[in-house]
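1. sequence and predicted model, in that order:
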Amino acid sequence: MLRKLSKSGIYLQTIFIFIFLGVYMITPLPGFTIQTMPGNAAPLGRLITQNLPENRFAVKFIAVLLILLNITVFNFILRRHDLHQRQSVFTAALASGFYLFTGTPAAMIAPLVAVLMLQFSFDSAMKIYGVTNPYDTILNSSITIGLASMIQPLAVLFLIFLWMAFFTLRISAWREWVISLLGLLIPYIYLAFWFFWTDRLDLAIAEYADFFRYLSLIPVGHSVRETGILALLGLILIISMAAFVNDAGDKIISIRKKMWIGVQFTLISIAAMVLSGKDAMLTMPLVLLPVSMMFAHLVTRSKRSWPWDLLYGIFLAAIIAIRMGV
């Protein structure tokens, strides 16, 4: 079924996207263990969560719009860099189903904004290939990482992703490395100036100190069903990544390098989620995009899709059951 969907064209795939988003809108709030965005996580994240409307339907609608924006932008990025078939939104269709495995909209809106910012960094990293002096591209990439880290502090790990891309693209000049560091610091320089201007610099330092003081790498205990879904996602990712990496060797050098950048983006996403500990579920939206990319690649290259239909079907059944409180 999934293989037929991948070849069905953009219109049918779009219908599936809106069906999944409709399920997100009409199903009750899921009973996941983690539901709250930490109040002291980062200034921009705190600002977003504190200014959400009080109406639950409005918050849900904003979350759905952000999900739609995230999966659409990610699909466009993959198509731009020839990592996805043309005239298709198959990856976005799969991602819309995976995104049902997220917590309450109020907790997810800030992480979804951070994910959107990190996608621009992902896009910029792949744009570096073949550019003689990619200074502005690197600067833009690192600035978006800095902005995302103002929502979720562990997004700063994606600077490592950018450096890994440097190695993949064989960028060894010292200037690019310095620019990446400066780009990360620029948003924080403006933030520090704003806190200083409003006489709140000591408060900002205390809030960041609290974040690191209470940062826990120990994951919160999940229910049996949540653990089962996480294990299923891990299985899908392992199988898909193995196929993705194996196929990279058969591509032309430009595509191969971009595929490796995609793998590096996935690895840093997983690292950010693992290191989030008790807040790991808040990083789930970031991991789901690479899972969708690699799973879509696996489905389209396979002669038979029934094993992947089964895996995806089990996932959807389990997550809808959780959302319905069954």
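-> Looks like it arrived, so ask away.

2. hey, which helix or strand in the protein has the poorest pLDDT?
-> Within the chain, confidence by mean pLDDT, DSSP states H and E is lowest for helix 201-214 among all helices and strands, at a mean of 69.

3. could you say which helix or strand holds the most centrally placed residue in the chain?
-> In the chain, the residue lying closest to the centroid (Cα atoms, centre = their mean) is Leu286, at 2.0 Å. For Leu286, the host element (DSSP states H and E) is helix 284-301.

4. tell me the helix or strand right after that helix.
-> Later in the chain than helix 284-301, the nearest helix or strand by DSSP H and E is helix 306-323.

5. can you tell me the average pLDDT over that following helix?
-> The pLDDT scores in helix 306-323 average 85.

6. which helices and strands does that helix pack with?
-> If contacts are counted by 3 or more Cβ pairs under 8 Å, 6 or more residues apart in numbering; DSSP states H and E, helix 306-323 sits against helix 2-7, helix 90-98, helix 224-248, helix 284-301. All C-beta atoms are positioned from the backbone trio N, CA, C, and that covers glycine.

7. which SS state does Lys85 fall under?
-> One correction, residue 85 is Gln, not Lys. Put simply, Gln85 is coil when judged by DSSP: H, G, I helix; E, B strand; the rest coil.

8. who are the packing partners of the helix holding Leu286?
-> The contact analysis (3+ Cβ pairs under 8 Å, 6+ apart) places helix 284-301 against helix 2-7, helix 56-80, helix 90-98, helix 105-127, helix 224-248, helix 253-275, helix 306-323.

9. in this structure, which residue sits furthest out from the middle?
-> Here the chain reaches farthest from its C-alpha mean at Asp199, the gap being 34.5 Å by Cα atoms, centre = their mean.

10. Provide the secondary structure category for that one.
-> coil.

11. what does it show for phi and psi?
-> phi 60, psi 40 (degrees, to the nearest 10).

12. distance of it relative to Leu298?
-> Distance, Asp199 to Leu298, by Cβ to Cβ, to the nearest Å: 54 Å.
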